[in-house]
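1. Okay, predicted coordinates and the sequence, questions at the end:
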Amino acid sequence: MSIEHHPDDSMLAAFAAGTLDHGQHIAIATHLVSCPQCRAFMHAMEHVGGAVLSRLSPAPMSSNALKQAEARLNETPLLAAIPAAATVSGTEVSALPEFVRRYRFGRWTWIAPSVHIRPILLTQTSDTRVFLLKSGPGTKMLQHSHTGIEMTCVLTGAFSHDGGHYGPGDFDLGDETVDHQPVVDAGLECICLVAMQGELCLNGLIGRLMQPFVRL
Amino acid sequence: MSTENEAAAARAQWGRLIRSIATHQDRSAFAALFQHFAPRIKTFMQRSGSSEARAEELAQETMLVVWRKALLFDPASATAAAWVFTIARNLRIDDYRRGHRGGGVVEITDIAIEFQVDESPQPDARLASSQTEARVQTALAALSDEQKRVVELSFFEEKAHAEIATILEIPLGTVKSRLRLAMGRLRNLLGELS
C-alpha cells in the first residue's frame, strides 16, 4: 500500500501544535494512522514545539506558585499507564484511529443512489462535521463544490477526480476553489472519512433538485 | 561546537530529572523542572489567549501532569521539552473545549489519546528522539529569524496569526503563505525522518 496524497506540512504542523479544530484533527489523525512518513514529520514538529516552548521568554510566576504545586504532589499519585478509555463504539471500519472508534456514530443514511453517510457524533462542538461516506463501486459522485474546507481520507476502496487517484490512506483537500466530480473505482465499495466545514454545494440540475434533501 | 554540546547536555538534563521523579518521586527534581518550564508554559498559555491568572493555573496543572505521568515519559520517543510541550498543548485543548471552566483537580480526560496515531500494523520506523532533536535544532538554526518567527507562530491559534498580520501590516494570506514556505524549508532541512 503506497500513499500518494498527503496533508500539506502546515496542516501536520497545526495538528502537532494542537490548533486544528476537532473535526479536522480527526481527519488528519486518520491519515496519520496509515502514513509513517507524515507521522515522523508530525513527531518532529512536536520536537519543534519543545524548542519553541524552550525559547519563549519566561513569564514571572506568583511567588508561592512552586509551594502551591508542591503541596498538591501528595494527592497526585504517579500513573502507571494512561487509563483505558470507555468501550469501543460500533463501527466496522478498522482503518480509523482507535480514539475515533470510541465516538458515537449515527446511522447510515441514504443521500443519493449508492451513496450513504454515517455521522460521527462529536461530544465537543466543532465547526466541522465529520462523517463516513460510503459509495458503491463505479459511483459517479454528484459534482460539488464547497463553501469551506473539506478534508477526505480514504479508508477502503478508491476514487479518482481531476486531482488524481485516491486509495486507502490517501488524503484529499477541497476548498472554495475546487469543483470536482469524484468517481469511485469499479468493483469496490469506497468508504471515506470526511471532515467538512461549511456547506456542500451540489452543482448541475440533479444536484440542485436534490440540495434541499441533502442535509449533511 | 562546544556550546552546542553544552546546550544538548542541558536538554538531556531535563530528561534525567523526569526519570528521577519516575524512579523515586524526587521532589527536588520536580522543583528544578518547575522553575524552568512553568514560567515558559505560562507565556505559551498567555500567547494562546489565556488570561494571566488562567495561564498561571494551566502552567501549574501542566507541571502536576508532568509529575503524574513521569513513569510514562519515554526518552527514546520524545525529549523532555517535546514531552512537556505535548502535555501543555493537551491541557490547552482541554481548557479550550471546556470553555475556560475554573481551575480545579487535574483530570486525565485524556486528550493525549487523540494524539495516539502510532498503533498501526506497520512498525513505526521513525528516528530515535535524540536524532530527531538534533535535526530539529540544526534545522531551526538554519532558518532566518523571520522564518523562525513564522514557524513559532504556527504553534499558536489563528488569532495570533491575525495579530501578527496586524503588527507586521501584511495581509493574513501573506502570513499563511510565509508559514507554508517556512514549513517547506523546515521539511527540507529535516530530511528523511523515517
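-> Yep, that arrived. Numbering: from 1, shown residues only, chains lettered A, B, ... in the order given.
2. can you give me the helices in chain B?
-> Under the criterion DSSP state H, chain B contains helices at B:2-24, B:27-47, B:52-68, B:80-97, B:129-142, B:145-153, B:158-168, B:172-190.
3. out of these, which comes closest to A:L122?
-> Distance to A:L122, taken as CB to CB, is lowest for helix B:80-97 among the helices of chain B, at 10.2 Å. In this view, the C-beta of every residue, glycine as well, is placed from N, C-alpha and C.
4. Report all helices and strands that that closest one contacts.
-> Here helix B:80-97 touches helix A:36-55, helix B:2-24, helix B:27-47, helix B:52-68, going by 3 or more CB pairs under 8 Å, 6 or more residues apart in numbering or on different chains; DSSP states H and E.
5. Looking at the ones you listed, spot the one closest to A:E176.
-> helix A:36-55 (24.8 Å).
6. and the closest one with helix B:27-47, angle?
-> Helix A:36-55 and helix B:27-47 are oriented at 100 degrees to each other (axes from the mean of the first three to the mean of the last three CA atoms, to 10 degrees).
7. Any chance of a markdown table for the helices and strands packed on helix B:80-97, columns distance to B:E192?
-> Below are the helices and strands packed on helix B:80-97 laid out as a markdown table (distance: least, CB to CB, whole Å):
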| stretch | distance to B:E192 |
| --- | --- |
| helix A:36-55 | 8 |
| helix B:2-24 | 22 |
| helix B:27-47 | 30 |
| helix B:52-68 | 31 |
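8. Among those helices, show the one with the smallest mean pLDDT.
-> With a mean of 87, helix B:2-24 has the lowest mean pLDDT of the helices and strands packed on helix B:80-97.
9. Just say which of the helices of chain B is most tucked in.
-> helix B:80-97 (a mean of 23; mean count of other CB atoms under 10 Å in any protein chain shown).
10. Show me which positions of stretch A:162-182 end up buried.
-> A:Y166, A:G167, A:P168, A:G169, A:D170, A:F171, A:D172, A:L173, A:G174, A:V178, A:H180, A:P182 (16 or more other CB atoms under 10 Å in any protein chain shown).
11. From those, which land in strands?
-> Among the buried residues of stretch A:162-182, the members found in strands (DSSP state E) are A:Y166, A:F171, A:D172, A:L173, A:G174, A:H180.
12. ok, back up a step: which of the helices and strands packed on helix B:80-97 sits closest to A:D162?
-> helix A:36-55 (23.1 Å).
13. check contacts around the residue nearest to B:V65 when sequence neighbours are not counted.
-> Leaving aside its chain neighbours, B:V65 sits nearest to B:I87 (5.0 Å; criterion: CB to CB, 6 or more residues apart in numbering or on different chains). By CB atoms under 8 Å, 6 or more residues apart in numbering or on different chains, the contact list for B:I87 reads B:T62, B:V65, B:V66, B:K69, B:A112.
14. And chain B, is the stretch of helix or strand A:C192 belongs to touching that?
-> Using DSSP states H and E, A:C192 falls within strand A:190-197. No: with CB under 8 Å from any CB of the partner chain as the measure, strand A:190-197 is seen stopping short of chain B, the closest distance being 13.1 Å.
15. so what strands line up beside that strand?
-> The pairing partners recorded for strand A:190-197 under DSSP bridges are strand A:128-135 (antiparallel), strand A:150-156 (antiparallel).
16. Output those strands in TSV, with mean neighbour count appended to each entry.
-> Output for the strands paired with strand A:190-197, formatted as TSV (neighbours: other CB atoms under 10 Å in any protein chain shown):
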stretch	mean neighbour count
strand A:128-135	22
strand A:150-156	23
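17. Pipe these into CSV and attach distance to A:L32 and mean pLDDT per row.
-> What follows is those, written out as CSV (distance: least, CB to CB, whole Å; pLDDT from 0 to 100):
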stretch, distance to A:L32, mean pLDDT
strand A:128-135, 15, 92
strand A:150-156, 9, 94
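18. mind checking which of the ones you listed is nearest B:W83?
-> B:W83 lies closest, by CB to CB, to one member of the strands paired with strand A:190-197: strand A:150-156, at 27.4 Å.
19. and the helix or strand just after the closest one, what other elements does it pack with?
-> Downstream of strand A:150-156, the next assigned helix or strand under DSSP H and E is strand A:159-161. In terms of contacts (3+ CB pairs under 8 Å, 6+ apart), strand A:159-161 is packed against strand A:164-166, strand A:183-184.
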